[in-house]
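J.: Just to be clear, the model below is a prediction. Sequence and coordinates:
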Amino acid sequence: MGLVEYEQELISIPVIVDVPYRFAAGKYMTKFLTELRDNGRFFGIRCPICNRVQLPPRVVCAVCHVKNREWVELSCQGTLVGFTIMYLPLTDPTTGKPHEPPFSYGSVRLDGSDSVIDHFLNVEPDVQKISVGMRMKAVFKPREQRVGDLSDILHFDPIPE
Amino acid sequence: MKRNVAIIGGGQTHHAARRHDVNQVEMVNEAVRAALSDARTTIDEIDAVLVGNMEFFEGCHMTDCWLVDGTGAYGKPGLKITTGGTVGATIVCAGVHHVASGLFDRVLCVGFEKQEEGDTGAILSGVAHPLFGRSMAGAAVGYFAMMATSYMAAWGAKEEHSAMVAVKARQNARKNEYAHLKLDINIQDVLNSRMLAYPIRMLDMCPASNGACAIILADETTAKDRCEKPVWIRAMDTAHNEQFELDWRDVTTQKSIFSRVSAARIYKRLGVNKPTDYFDVFEIYEPATWAEMVWYEDLGLCGPGEGFKLIENNKTGIDGPIPVNPSGGILSTNCIGASAMLRVWEAALQIRGDAGGHQVPKEVRRALATAYGGTNWTVLTALSRNIDD
């Protein structure tokens, strides 16, 4: 019996785990997604106490602890509040495939909403061509290609000034 | 707290990008042995073991079970904690509560991550809500990149300010024998490093590290009996954020977000009027340079929108009036499940005067450690050298 020598061969074993998931959207989120899919419209939900129009729609206002009941149609236009140009081929967890870099994405506050939505920006990945405060407009996939999730939005287009 | 609680010992591994020489159990055991030795105790004297990491990063779940040989938890009470970037501080927080309540006198806390064994970036995207924006989830780097563009647009900070934070961290790390990225870099090196997600470059971001940290907590009687330099846990506070809302990515937000809420509460509890006067050193959780500047503001080390001026004027250097992360911080070492515990441990080392090469050159009586985790919450820990301080 000898002691294990540090200089010995060291084995590490690759393992790939491919796990499928399926998430229930719930009633409120389903309403949001079916409006997106069937009518190309955004719906938020307004809190009766603080009046914030929240996205994604949720049953209870986290701040006021009351049930949200009032559906509010939002504009497809909004303002960019933050963005990045991604140079890494990050894996899209919804597909398991990487997005092709470079690509730009950002957070857009839709007019009429207190929350933001994150999506691709149809802007050349050039920092001179994107800025916080830019006006943006949602572009949807053709009706027959929509499936009832956020991929029904193709991207946000800049609105020319 | 019902009973006073002190850190009576701790330890850490030498953090690195590659640790193929050890498996998870063996790596964790290095920190556990260091902590037991530092506290001059043995595993037989430990009442309970709390362990944590982000187990889905390594894809090996039930780490509380698999790691028993390394943590020393065999046959002892204990549990596993998995709370994102906050893991390490959450373990300490739970340990403190267990000792303060009187349930246990000596608790061993262990946090670790062996990032090389999984794909943290890919898994981190799974931290995002599955139905709202996960497709866009750009790991941590995309999140902080959006924070950065918001910060630059709102306050007029430049990429150079981010680079100053990056340089400070790595130059401090060179003084810390355990740090991962000990880089002799300057501002130009940062600005020349590869762009990952505008405006965040390679050197603006934390590394993926392998490492572990362990801390031993004890009640007042044990601490005074057994420890020459106990470090007292004066207060802890945690706060979560409202989900789906902009939180840290809109730096102009007026909302009561987690970092400000938690800081206000812990300051009130301790009677802190001016945190820069009250605390002698800060160990904060900054996965990206921009997060450090936002922490400056949210902790009240400066006014809103002034964080970048603090680094510009070198106020937060190791020998500055408000030393922040003399250890090199997360930007130099990020073994996630250990990272927030390392903030607490590094704060304790500063108070003990045992930080070695990165000991701040002034008297340290009090320190504040922060943790930060997706999807936006924090654990703050205030420590002191004197029990009544």
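T.: Great, that's in hand. Numbers count the residues shown, from 1 in each chain, chains lettered A, B, ... in the order given.
J.: I'd like to know how many residues surround residue 127.
T.: No chain in the question, so chain A it is. 15 (other C-beta atoms under 10 Å in any protein chain shown). (C-beta placed from N, C-alpha, C; glycine too.)
J.: Oops, wrong one, chain B.
T.: 19.
J.: Where does it sit, in terms of helix or strand?
T.: Assigned by DSSP states H and E, B:Val127 belongs to no helix or strand.
J.: Skipping adjacent residues, who's closest to it in space?
T.: Nearest residue to B:Val127, sequence neighbours excluded (C-beta to C-beta, 6 or more residues apart in numbering or on different chains): B:Gly374, at 4.4 Å.
J.: Quick check: that neighbour vs chain A, distance?
T.: Per C-beta to the nearest C-beta, to the nearest Å, B:Gly374 is found 14 Å from chain A.
J.: State the pLDDT value of residue 14.
T.: Since no chain was named, I'll use chain A. We note a pLDDT of 91 for A:Pro14 in this prediction.
J.: sorry, should have said chain B
T.: 98.
J.: Next one: it from B:Met27, what distance?
T.: B:His14 sits at a distance of 10 Å from B:Met27 (criterion: C-beta to C-beta, to the nearest Å).
J.: Checking B:Val49 next. Helix, strand or coil?
T.: strand (DSSP: H, G, I helix; E, B strand; the rest coil).
J.: quick one: contacts for it?
T.: By C-beta atoms under 8 Å, 6 or more residues apart in numbering or on different chains, the residues touching B:Val49 are B:Thr71, B:Gly72, B:Ala73, B:Lys76, B:Pro77, B:Gly78, B:Val107, B:Leu108, B:Val110.
J.: is it true that the first one touches B:Val51?
T.: Spelled out, it's B:Thr71. Yes. Using C-beta atoms under 8 Å, B:Thr71 is in contact with B:Val51, at 5.1 Å.
J.: residues shared between the contacts of the two?
T.: Counting by C-beta under 8 Å, 6+ apart, the residues touching both B:Thr71 and B:Val51 are B:Val28, B:Asp64, B:Gly78, B:Val110.
J.: what's the farthest-apart pair in those residues?
T.: Maximum pairwise distance among these (C-beta to C-beta): 13.3 Å, between B:Val28 and B:Gly78.
J.: Give me the common contacts of these two.
T.: By C-beta under 8 Å, 6+ apart, B:Val28 and B:Gly78 have these common neighbours: B:Val51, B:Thr71.
J.: Look at the residue nearest to B:Gln243 when sequence neighbours are not counted and tell me its secondary structure.
T.: Nearest non-adjacent residue to B:Gln243, counting by C-beta to C-beta, 6+ apart: B:Thr375, 6.4 Å away. Reduced to three states with three-state DSSP, the structure at B:Thr375 is coil.
J.: again, but for B:Gly10
T.: B:Gly10 - assigned by three-state DSSP - is strand.
J.: before we move on, back to that, B:Val28 and B:Gly78 - which one has more neighbours?
T.: It is B:Val28, of B:Val28 and B:Gly78, that has more neighbours when counted by other C-beta under 10 Å, with 30 against 24.
J.: OK, contacts around that one?
T.: With C-beta under 8 Å, 6+ apart, B:Val28 has these contacts: B:Val51, B:Leu67, B:Gly70, B:Thr71, B:Val110, B:Phe112, B:Ala212, B:Ala214.
J.: So between B:His14 and B:Met27, which is more surrounded?
T.: More crowded of B:His14 and B:Met27, by other C-beta under 10 Å: B:Met27, with 22 against 13.
J.: Quick check: that one touching B:Phe112?
T.: Yes. Counting by C-beta under 8 Å, B:Phe112 is a contact partner of B:Met27 at 6.5 Å.
J.: hey, where'd the helices end up in chain A?
T.: Taking DSSP state H as the test, the helices found in chain A are A:26-39.
J.: where does chain A have low pLDDT?
T.: For chain A, the stretches flagged by pLDDT under 70 are A:1-6.
J.: Beta-bridge partners for the residue nearest the centre of it, please?
T.: For chain A, the residue nearest the mean C-alpha position is A:Asp118 (4.0 Å; C-alpha atoms, centre = their mean). Beta-bridge pairing of A:Asp118 under DSSP bridges involves A:Ser107.
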